[in-house]
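Novice: what follows is a predicted structure for the sequence shown.
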Amino acid sequence: MAIPAEAAASGGNQPSQTGKGKTMQSEDLSRFVEELITSLKDNRTPPIRSLLLALRGISMYIRKVETELAAALPDSLKNQHIPAAADELAAIVDATAQATNTIMDAAEDMQRLAGALEPEQQATVLEATTRIFEACAFQDITGQRVTKVCEALRYIEEKMDAIVGIMGSALISPEAEVDSQQAVERTPVRELCNGPQLPGLAKSQAEIDALFEGIG
Amino acid sequence: MTISKDMKILIVDDYKTMLRILRNLLTQLGFSNIEEASEGGEALAKLRQMPFNLIISDWNMEPMTGIQLLREVRADSNLKSIPFIMVTAESKTQNVIAAKEAGVSNYIVKPFNAETLKAKIASVFGGFPD
């Protein structure tokens, strides 16, 4: 019986990794167990029969895991649902940006027209347009929140790809392979770029001021 | 360092909408000499081309972030004295500490209003013109 090079190289502690760091796929492990069973099945000694029973149990367990993972991670999740969710989120950002620009166009028109009003009315209109501009900042915050969700989706996609990599063709067809270039790396320079925190977790301007004054 | 309504202000943000909001709010506060940049690298190029009296920058931009821009500015002998206000959604303690250590003049957390912007500009310059 030929023991797979990956299994031979891995030693006993980490059976899923080869000595070169290449991941051993579940189908290799499955084949190895099957070959072991075949090579031992003519040996009727009690210890070998016990070993065969255990190996058949392992073989069945691997198939069960493959089947369950295949059901839990259909191709459509990676190829359709996650990309569609990312597209929808991008569309939300585009739509809110368009709406925000339309609102600001109108506010700028109001601002220009205010020049022809009496001073008191002019002040009222300018105060209103200021509030409009302030409120329009929601689009920036929304965009950053959506970007965080997109990053979470990308992370889930990467983890799915890793599982597919371990399970090999037993799980998903080869054409569903990953472009690892798409993985987003968080370089040190991006470390403090976390985007807005959720309400309740984010600091208020007063808290920022206190913190700012308290440093150095 | 004196403040005047015609001083040159550079606003830096990768969201065009936010640049527009900042420009409008600064206009309403009486400032009219406003330049824009969409990220740190572009801002740095503009800063090296013409004199500015104030930089108002976002943090989270690519490829050059606001904190990188701040460090570049503070490391440049021709630019290091320009007041730099960070306007960002990054409100974590470590962000404020990092910005302060890098030499930021003040820190505004988004979303903000015109009054906050005015107060921080006044704080940096020690007053606000009528």
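Specialist: Everything's here; your move. Small disclaimer: the values here were computed from a predicted structure and weren't measured.
Novice: for the residue nearest the centre of chain B, what are its contacts?
Specialist: Centroid-nearest residue in chain B, with CA atoms, centre = their mean: residue B:56, separated by 1.1 Å. Counting by CB atoms under 8 Å, 6 or more residues apart in numbering or on different chains, residue B:56 makes contact with B:9-12, B:22, B:26, B:85, B:87. (C-beta placed from N, C-alpha, C; glycine too.)
Novice: beta partners for it?
Specialist: With DSSP bridges as the criterion, residue B:56 is bridged to residue B:11, residue B:85.
Novice: confidence score at it?
Specialist: Residue B:56 carries a pLDDT score of 98 in this model.
Novice: next secondary structure after the lowest-mean-pLDDT helix or strand in chain B?
Specialist: Ranked by mean pLDDT, DSSP states H and E, the weakest helix or strand in chain B is helix B:16-28, scoring a mean of 92. For helix B:16-28, the following helix or strand on the C-terminal side (DSSP states H and E) is strand B:34-37.
Novice: name the helices or strands packed onto that next one?
Specialist: Judged by 3 or more CB pairs under 8 Å, 6 or more residues apart in numbering or on different chains; DSSP states H and E, strand B:34-37 is in contact with strand B:9-12, helix B:16-28, helix B:40-49.
Novice: now do that strand: everything it contacts.
Specialist: B:8-12, B:19, B:23, B:26-27, B:43, B:45-46, B:50, B:52.
Novice: if we can go back for a sec, wait, does the least confident helix or strand of chain B make contact with chain A?
Specialist: Yes - interface with chain A: helix B:16-28 contributes B:16-18, B:20-21, B:24-25, B:28 (CB under 8 Å from any CB of the partner chain).
Novice: does stretch A:87-97 come close to chain B?
Specialist: Yes - counting by CB under 8 Å from any CB, contacts between stretch A:87-97 and chain B involve residue A:97.
Novice: check the offset of the least confident helix or strand of chain B from the chain's centre.
Specialist: 12 Å (CA atoms, centre = their mean, to the nearest Å).
Novice: so what's the residue count around residue 57?
Specialist: Reading this off chain A. By the criterion of other CB atoms under 10 Å in any protein chain shown, residue A:57 has 11 neighbours.
Novice: not quite, go with chain B.
Specialist: Neighbours of residue B:57 (other CB under 10 Å): 26.
Novice: cool, and residue B:40?
Specialist: 26.
Novice: contact partners for it?
Specialist: Counting by CB under 8 Å, 6+ apart, residue B:40 has contacts B:12, B:57, B:61, B:63-66, B:68-69, B:72.
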